[in-house]
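Visitor: The following block contains a protein sequence and its predicted model.
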There are 2 protein chains.
Amino acid sequence: MTGPDLWRELGQQLRVDAVRASAEAGSGHPTSSMSAADLAAVLLADHFRYDLDNPKSPANDRLIFSKGHASPLVYGLFRAAGAISEEEFLTYRELGSRLQGHPTPVLPWVDVATGSLGQGLPIGVGMALAGKRLDRLPFRVWVICGDSEMAEGSMWEAIEHAAFYELDNLTAIIDVNRLGQRGETMHGWDLSYYSDRLRSSGWHAIEIDGHDVEAIDAAYREAESSGKPTAVVARTIKGKGYSKVEDQEGWHGKAVAEEGVQELGGIRNIRVDLPKPEVLDGHRFEPAGAEWPRYEVGSTVETRKAYGEALAALGGERGDVVALDGEVSNSTYAEIFRDAHPERYFEMYIAEQQLVAAAVGMQVLGWKPFASTFAAFMSRAYDFVRMAAISRANLKLCGSHAGVSIGEDGPSQMALEDLAAFRAVHGSTVLYPCDGNQTAKLVAAMADLEGISFLRTTRAKTPVIYSSDEEFPVGGAKVVREGDDVTLIGAGITLHEALEAAEALAAAGISARVVDLYSVKPVDGETLREAAEATQGRVVVAEDHWAEGGMGEAVLSALAGVELSFAHLAVRELPGSGTPDELLAAAGIDAAHIAAAARKLVQAEAVAR
Amino acid sequence: MTGPDLWRELGQQLRVDAVRASAEAGSGHPTSSMSAADLAAVLLADHFRYDLDNPKSPANDRLIFSKGHASPLVYGLFRAAGAISEEEFLTYRELGSRLQGHPTPVLPWVDVATGSLGQGLPIGVGMALAGKRLDRLPFRVWVICGDSEMAEGSMWEAIEHAAFYELDNLTAIIDVNRLGQRGETMHGWDLSYYSDRLRSSGWHAIEIDGHDVEAIDAAYREAESSGKPTAVVARTIKGKGYSKVEDQEGWHGKAVAEEGVQELGGIRNIRVDLPKPEVLDGHRFEPAGAEWPRYEVGSTVETRKAYGEALAALGGERGDVVALDGEVSNSTYAEIFRDAHPERYFEMYIAEQQLVAAAVGMQVLGWKPFASTFAAFMSRAYDFVRMAAISRANLKLCGSHAGVSIGEDGPSQMALEDLAAFRAVHGSTVLYPCDGNQTAKLVAAMADLEGISFLRTTRAKTPVIYSSDEEFPVGGAKVVREGDDVTLIGAGITLHEALEAAEALAAAGISARVVDLYSVKPVDGETLREAAEATQGRVVVAEDHWAEGGMGEAVLSALAGVELSFAHLAVRELPGSGTPDELLAAAGIDAAHIAAAARKLVQAEAVAR
């Protein structure tokens, strides 16, 4: 069987399988799978070039189910392709099964987790950008989107960027089944709403009946040769093929009866051999070599600038490092990388969701993306970071302009929640350097870290206190000053305040140990415990961050069970504008406040005695 | 002086003032202010109806500078309107000044903080919705947008929603000055890109020269009568009026020399009397009265369902309560409110940024918006929540489907970072009920809370343990079982696990105290300290959340300085699918694990003795 007959039968098989899997599990989204089954069948049978035995091959086409809830359809495709057995297929949604409620990369043929709507297309933009500009291979990126998720602004960021970057290797297949979770979408079956908006955004758009397999095939051919990013806008019927649920409200995310299998003509076992792509190696950039920045102890430099300089050096050392920025590269200093390696730099404009999503897409192809913007604006992409962790993505993020120390620009530009937000990402690494040499070492380390790593940089120049040869293992902390009366813990801007406080305390006869908590996660519990024990449990933490979820709580977690006299200096009132020094003082996290807190701890115990 | 002469002179004054303020401060965004000065001048002089003495009047037009970095222009407008003095004007960006680097509501004429781009227009949609559907008043909402921020997807969420809800009272003024922070935007001066995309989204769009005051005036008149949401797409010149910086790269966010004042014709002191709106009272909904839900102790109910039932009751009691949801109202149970109060319910579709932004806009008009979606997807709007705190917004958010206990849907749908994220919002309240009656009381309390409050609800049914008369003050905690060997702390789903663990421990002769931490922030330090002291410092916290930033760290912060034997059970590995019970067990946060951790604490000490 080939051509239209195959496509139709395969479409029925995929519908039957969606019904079966969900019925077996007692939950799932069969109706959302059934609407897209013909679109998926034609793709699998005749358009999607993929080597199942080599899923990481850069020559493969990529397929993303942006509407990740249609997971029964995804798994039905893998069954039809022979990648998973009937037995495994029926483990859908069971504990330990690779066939989770929404697709994740526990399956080797799933590149990224989906299930938070509106993320697949922006990630596809990243893959397509990699295909055009990094790997330089002819693979295509296919993204199956739901109509409901077209309401997510992130989809329109993706659409704008795809047109701007002329990604004619990207095809969005929009399954317009009219019905969202709780009722009709804003536009129902008004296909022209989608296609007009897409065309005015620079896309080619094709409207079809999404159950007419010949029209689907023709549309995919047109997409392959249109010379533009192309959307196949397909009118479909939710629950198609089982009359009881077809185009009905109230069936979203619900298993339907096995009786649907009967009406769909029973179980099929069609096996499709995916066309394999020509084996091609992706383009690689020759490392040109680079001088790593080395800053003189005693000089001053912004850690954000050291980030840019180190990243440029890293790019000189390794051809797999790429950088992206959200239209603030002259503030984050990603521009230094851009100038050194223009072919590996991507301007993502003021679209932080697309910024992070593009990086997620690129790392699927094996690139090492570093994405930067103001740390405050990373919060715009928090859901993308959350999902990237479920995707097991290797993502390197840099947020500049942390804390009140940015000064005059005021609270909208100050990241004061970023440590909390990034600590609460599964498997994340959170780094917060205080000087240029430390920044350079941490940037180098990030390249090989697994998972999501986040580097927090500071706007202002800070003194260089470490020699350029010093090492900073991830998960470590540095005792930068010995002392036995009290421990002062800082990082970034507050480390310098802590050092200044220690000087003042020394003059008053108090011996303060200062710990640089540059690795906020993982945190160096051993060094912290040693410090606490060496200073009679007296610990002051100062952080340029809200009191919740940041360094103070990371320290308390590491020291749980240790007897402490603890002071936590953090930002507790809403800051305004002012100079950096004024704002550090107003927030109570400057040297004077640290010294006062330390004195209080020492004296309180003296009184108690 | 009136008409075009006034507009032109006022535009020059606003440019001069932007130069002056920034030069005095040594920082700021004069060039971004200068491009929009004529657009603002015509608006102020002849279109913006506003009673400066009564900024909260619901009859006032609203003005949002979505491009908040143009703050010198905002403050120049207030100076021209006589609201701020020359003396105050020159305090721009100083510590303690109301004239911060980006506008915030410390000034009574600023409704919402801006400065994170792409937020003003979605907030404007909320205000315009309130104008049409809640207050039912003829005020207009004017939003001055930058061209760079049109790359934010949130702007296109707003554009889609404005058209869908037929918000002809909304005007977006797009200042297309071609230059972003570090160079040209994607579309430069291609006005048609913006207007085509807007028109295909259902808007009326007018392209003009943004320095032709008569064209500006005509466009505003057209906007006022177009019958559609309307965009004035204005070609402008960044730094307009000072030849050294006009249309030049490299001048974004930089003060320019006072010599610009000369070229602009020197200081002016034009004073504009704003046209006042007719004094009108907004529509109010008559509370129809309502039966509050009361659940039988020993029965079971989902806290998410109790949310919906309580919210519907609250709406029956108070006419100022409104609800919004992100297309999951049959999961969050906001649909119960919708069915009871359809006029006060707003479907925001799958656009969480717009969901939160609309709520921010509505609360400006004095409404009490409750916005709901899955707690995991609140992360999509995190930057909006962050900024809402800076706006001093009174926002009530409900996130359902918290934690691994949702079961089969898998990790993409599980909120495991929401407690950390919401705790790290300035002035926030974080509530996490375990049963239906507690949920109802907390929903009632949220209506009168200041700031951002977040309620976390659970998917599964949980036993009702509290009578419907019990009170749950915000900031409190409940000792639900007395005991003196060990304290078990839970909330939401884990409170029930803790109770079950206490039973098992009792059978083994261990007396466990159980504390319900329903108020995660503010946290009840006194009850926690009493519990720790009563149980020899032995404390177990179990939470359906990542280990970072949630209940465990909230407890450690509250107990800092108390000697503890502490065990922290939280989700530490990436979950997959499974039944709720399987996943609670796999994560190590079920009754068995809690009991085991408690036993270990008790035994460890016995061994030590």
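Guide: Arrived safely, thanks for sending.
Visitor: so what's the closest residue to residue A:451 other than its chain neighbours scoring on pLDDT?
Guide: Nearest residue to residue A:451, sequence neighbours excluded (Cβ to Cβ, 6 or more residues apart in numbering or on different chains): residue A:427, at 4.0 Å. Any C-beta I mention is one placed from the backbone N, CA and C, and that applies to glycine too. Note on residue A:427: pLDDT of 97.
Visitor: same question, residue A:607
Guide: We have a pLDDT of 58 for residue A:607.
Visitor: My read is that the residue nearest to residue A:451 contacts residue A:453, right?
Guide: No. With contact defined as Cβ atoms under 8 Å, residue A:427 does not count as touching residue A:453 (9.7 Å).
Visitor: just for chain A, where's the confidence low?
Guide: Counting by pLDDT under 70, chain A contains low-confidence residues at A:605-609.
Visitor: So in it, which helix runs the longest?
Guide: The longest helix of chain A (DSSP state H) is helix A:3-25.
Visitor: Which of the residues in that one are classified as buried?
Guide: Residues of helix A:3-25 classed as buried by neighbour count (16 or more other Cβ atoms under 10 Å in any protein chain shown): A:6-25.
Visitor: Write out the residues of the stretch 201-350 of chain A neighbouring chain B.
Guide: A:201, A:327, A:328, A:329, A:330, A:331, A:335, A:347, A:349, A:350 (Cβ under 8 Å from any Cβ of the partner chain).
Visitor: Return the subset of the residues you listed lying in strands.
Guide: Counted as lying in strands by DSSP state E, out of these, are residue A:347.
Visitor: what would the residues of the stretch 201-350 of chain A next to chain B look like in a markdown table with neighbour count?
Guide: A markdown table is the format used below for these (neighbours: other Cβ atoms under 10 Å in any protein chain shown):
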| residue | neighbour count |
| --- | --- |
| A:201 | 23 |
| A:327 | 26 |
| A:328 | 22 |
| A:329 | 25 |
| A:330 | 19 |
| A:331 | 23 |
| A:335 | 20 |
| A:347 | 21 |
| A:349 | 24 |
| A:350 | 28 |
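Visitor: Compare residue A:427 and residue A:453 and say which is more crowded by neighbours.
Guide: residue A:453 (27 against 17; other Cβ atoms under 10 Å in any protein chain shown).
Visitor: That one looks like it's in a helix, true?
Guide: No. Judged by DSSP: H, G, I helix; E, B strand; the rest coil, residue A:453 forms no part of a helix; its state is strand.
Visitor: give me the beta-bridge partners of it?
Guide: Beta bridges link residue A:453 to residue A:396, residue A:429, judged by DSSP bridges.
Visitor: Now for whichever residue of the stretch 51-200 of chain A sits closest to chain B: which residues touch it?
Guide: Closest approach between the stretch 51-200 of chain A and chain B, counting by Cβ to the nearest Cβ: residue A:153, at 2.4 Å. Residues near residue A:153 by Cβ atoms under 8 Å, 6 or more residues apart in numbering or on different chains: A:118, A:353, B:152, B:153, B:154, B:155, B:156, B:157, B:351, B:353, B:354.
Visitor: ok, now how distant is residue A:434 from chain B?
Guide: 22 Å (Cβ to the nearest Cβ, to the nearest Å).
Visitor: That residue against residue A:462, yeah?
Guide: Yes. Taking contacts as Cβ under 8 Å, residue A:434 lies within contact range of residue A:462: 6.1 Å.
Visitor: Please enumerate the shared neighbours of these two.
Guide: When contacts are counted by Cβ under 8 Å, 6+ apart, residue A:434 and residue A:462 are jointly contacted by A:303, A:492, A:493, A:496.
Visitor: State the pair within the residues you listed that is farthest apart.
Guide: Using Cβ to Cβ, the two most remote members of those are A:303 and A:496, lying 11.1 Å apart.
Visitor: Counting neighbours, go ahead and name the busier of these two.
Guide: residue A:303 (30 against 23).
Visitor: which residues does that one contact?
Guide: A:433, A:434, A:435, A:436, A:438, A:439, A:457, A:458, A:462, A:492.
Visitor: Of those - the most surrounded one?
Guide: Greatest neighbour count in the contacts of residue A:303, by other Cβ under 10 Å, goes to residue A:439: 36 neighbours.
Visitor: what packs against the helix or strand that one falls within?
Guide: Element membership for residue A:439, per DSSP states H and E: helix A:436-446. When contacts are defined as 3 or more Cβ pairs under 8 Å, 6 or more residues apart in numbering or on different chains; DSSP states H and E, helix A:436-446 packs onto helix A:303-317, strand A:429-431, strand A:452-456.
Visitor: okay, the last one in PDB with CA atoms only?
Guide: Coordinates of each C-alpha in strand A:452-456 appear next as PDB, following Å, rounded to 0.1, in the frame of the first residue of the first chain:
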ATOM      1  CA  ILE A 452      20.300  24.600  32.900                       C
ATOM      2  CA  SER A 453      23.000  26.900  34.100                       C
ATOM      3  CA  PHE A 454      22.500  30.500  35.000                       C
ATOM      4  CA  LEU A 455      25.100  33.100  35.500                       C
ATOM      5  CA  ARG A 456      24.200  36.300  37.300                       C
END
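Visitor: Which single residue of the stretch 301-450 of chain A ends up nearest chain B?
Guide: Residue of the stretch 301-450 of chain A nearest chain B, by Cβ to the nearest Cβ: residue A:412 (2.8 Å).
Visitor: one step back: out of the buried residues of helix A:3-25, which are close to chain B?
Guide: Applying Cβ under 8 Å from any Cβ to the buried residues of helix A:3-25, one finds that residue A:25 fall near chain B.
Visitor: for chain B, what are the nearby residues on the stretch 1-150 of chain A?
Guide: Near chain B, when you scan the stretch 1-150 of chain A using Cβ under 8 Å from any Cβ, you find A:25, A:27-28, A:68, A:93-97, A:99-102, A:104, A:106, A:113-118, A:148-149.
Visitor: Of those, select the buried ones using a PyMOL command.
Guide: Applying 16+ other Cβ under 10 Å to the residues of the stretch 1-150 of chain A next to chain B, the buried members can be selected in PyMOL as follows:
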select buried, chain A and resi 25+27+28+68+93+94+95+97+99+100+101+102+104+106+113+114+115+116+117+118+148+149
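Visitor: just to revisit the earlier point, show me the one of the helices and strands packed on helix A:436-446 that comes nearest residue A:33.
Guide: Going by Cβ to Cβ, the one of the helices and strands packed on helix A:436-446 nearest residue A:33 is strand A:452-456, 30.2 Å.
Visitor: C-terminal to that closest one, what's the next element?
Guide: Next along from strand A:452-456, by DSSP H and E: strand A:461-463.
Visitor: And chain B, is that following strand touching that?
Guide: No. Strand A:461-463 lies out of reach of chain B by Cβ under 8 Å from any Cβ, never closer than 15.5 Å.
Visitor: The helix or strand that that strand is followed by pairs with which strands, and in what direction?
Guide: Later in the chain than strand A:461-463, the nearest helix or strand by DSSP H and E is strand A:478-481. Here strand A:478-481 has these sheet partners by DSSP bridges: strand A:512-516 (antiparallel).
Visitor: Could you check the angle the strand it pairs with makes with helix A:436-446?
Guide: 40 degrees (axes from the mean of the first three to the mean of the last three Cα atoms, to 10 degrees).
Visitor: ok, and for strand A:512-516, which residues are buried?
Guide: Buried residues in strand A:512-516 (16+ other Cβ under 10 Å): A:512, A:513, A:514, A:515, A:516.
Visitor: Which neighbours in the sheet does the helix or strand immediately after it in the chain have, and how are they oriented?
Guide: Following strand A:512-516 in sequence order, the next helix or strand is strand A:519-521 (DSSP H and E). Here strand A:519-521 is paired, per DSSP bridges, with strand A:429-431 (antiparallel).
Visitor: what's in contact with the partner strand?
Guide: So strand A:429-431 is in contact with A:419, A:422-423, A:442, A:446, A:449, A:451-456, A:474, A:518-522, going by Cβ under 8 Å, 6+ apart.
Visitor: Thanks a lot, see you next time.
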